[in-house]
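Participant: Sequence and predicted structure are below.
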Amino acid sequence: MKHIAITSGDVSGVGLEVTAKALHLLGPQKKTQFFLFRSADSETPQLKHIDKKFNRIIVQSLPEALSKKTKNSDDLFDIIHPQNAPHWVFDAATACHKNQLQGLVTAPLSKTLIQSCGFKAKGHTEILQSVSKTKELNMVFVGDQFCVLLATGHIPLKKVSAALNEKTLNVALQRGLLLKSILPNKFKNKPIALLGLNPHAGESGVLGSEESLLFKRVLKRFPQVKGPLSPDAAFLKQNWGLYSVYVCCYHDQGLIPFKLVHGTKSGYHLTFGLPYVRTSVDHGTAFDLFGKNKADCSSMKEAISACLQLTK
C-alpha cells in the first residue's frame, strides 16, 4: 500500500476546495491511501466531494493516522492538524523523509503565512529543503504546451547573477535531462533550451557577460542543450514545440510565461532534488475565490495524478 500526503494550504484560500474536487474526480486509487492535512477551521462543506467517493477517517495527528493504516484504498485519513498550514508541510515532509509516506502533494501557501508561523523559509521549497538538508532543489513546472525548470529559486533579482555559477547551471541542466525522461512522449526527443540571463542573451557581451563567459563554458558539456536563447523571444508560440524543457535563470523568467499560457487549467509543479516525490498546483492561494465554489481543480488533479505516477 502506497501512502500519499496532501496538504490543503491556506485555510482562507482555495486549497481545500481544489483538493476535494480533484479527489472526487480521481476517486480511490488501487493500493493507495491518501492522508489529507487540514485545519479544524476549514470550509467543511467542501468535504462532501470527498465523502461521495471515500470513507473519510477523522484523526487528530499524523502518528494517529499512521497507526490506523488499513489495506482499503477507499479509506482516506482526514488529519485535523492543531497547528497552521506550514507545520503540516513540515510534518508531511518529515514523514516522507522517513519513508512513512511515499509522496507529498501540496496546495498553495502564502509566503506571509509561512513567515508569521516562525519559519525562516520563503516558500514550500525552502521548508522541504530544511527537512531534507538538500542544498540544491529545482522548481519544475510541467504543462501541456511547454515545461520550465528554474535554475534558481525564491531569491531577490539582484542576487540571481551571483547565484548562477558553474555548479548551479550544471545541476539545473542535468536535472533538465532527467526531467525529459518522465515527460510525455511529445517532449522526449527534443533538446533542452537554456535561456540567457540578460536581455537578448547578452548581445555578445554588449548587455552582459554571463552568457559569453559562464554559459558558453557550461554548454560545452551539454550537447543536448541549445542556447543561451534570448529570453524575450524564447516563449513565442512557434517555439513551444522545439524544446522539451526551458531552463530559466530566475523565478519570474519562467513563471510569468508558464502561468500566462497554462493558468489554472493545466500544469503542475514538481520539486527536483528531494529523496521522495513532491508535486503541487501551479497557482496561488486565490483568496478572492475563497468560499465561492468557483475554483478550477485541474492543476491539483494533475498534481495528484503525477505524484501517483511518479511514486511507481
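Facilitator: Alright, I've got the coordinates.

Participant: What confidence value was assigned to the nearest residue to residue 273 once chain neighbours are set aside?
Facilitator: Once flanking residues are discounted, residue 273 sits nearest to residue 137: 4.1 Å by Cβ to Cβ, 6 or more residues apart in numbering. C-beta coordinates here come from the backbone N, C-alpha and C atoms, glycine included. At residue 137, the model reports a pLDDT of 92.

Participant: same check, this time on residue 182
Facilitator: With respect to pLDDT, residue 182 has a value of 87.

Participant: Show the contacting residues for it.
Facilitator: residue 310 (Cβ atoms under 8 Å, 6 or more residues apart in numbering).

Participant: I'd guess it is in a helix, am I close?
Facilitator: No - assessed with DSSP: H, G, I helix; E, B strand; the rest coil, residue 182 is coil; it does not lie in a helix.

Participant: Now do it against residue 57, distance only.
Facilitator: 32 Å (Cβ to Cβ, to the nearest Å).

Participant: what do you get for residue 19?
Facilitator: 16 Å.

Participant: Could you check which of the two is surrounded by more residues?
Facilitator: Taking other Cβ atoms under 10 Å, residue 19 and residue 57 do not tie; residue 19 has more neighbours (31 against 17).

Participant: Rounded mean pLDDT for stretch 113-124, please.
Facilitator: 80.

Participant: Just give me how far it sits from the chain centre.
Facilitator: 17 Å (Cα atoms, centre = their mean, to the nearest Å).

Participant: Same check on stretch 228-235?
Facilitator: From the chain centre to the centre of stretch 228-235 is a distance of 23 Å (Cα atoms, centre = their mean).

Participant: Please enumerate the strands of the stretch 51-200 of the chain.
Facilitator: 55-59, 75-80, 103-106, 138-142, 147-150, 192-195 (DSSP state E, counting those that start in this stretch).

Participant: would TSV of those with distance to residue 158 be doable?
Facilitator: Shown next, in TSV, are these (distance: least, Cβ to Cβ, whole Å):
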stretch	distance to residue 158
strand 55-59	46
strand 75-80	40
strand 103-106	28
strand 138-142	19
strand 147-150	17
strand 192-195	19
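
Participant: okay, those, which one's buried deepest?
Facilitator: Among the strands of the stretch 51-200 of the chain, ranked by average contacts under mean count of other Cβ atoms under 10 Å, first place goes to strand 103-106 (a mean of 27).

Participant: Contacts made by that strand with the rest, please.
Facilitator: 2-7, 9, 89, 92-93, 96, 124, 276-281, 300, 303-304, 307-308, 310-311.

Participant: So which of those residues are in helices?
Facilitator: 89, 92, 93, 96, 124, 300, 303, 304, 307, 308, 310 (DSSP state H).
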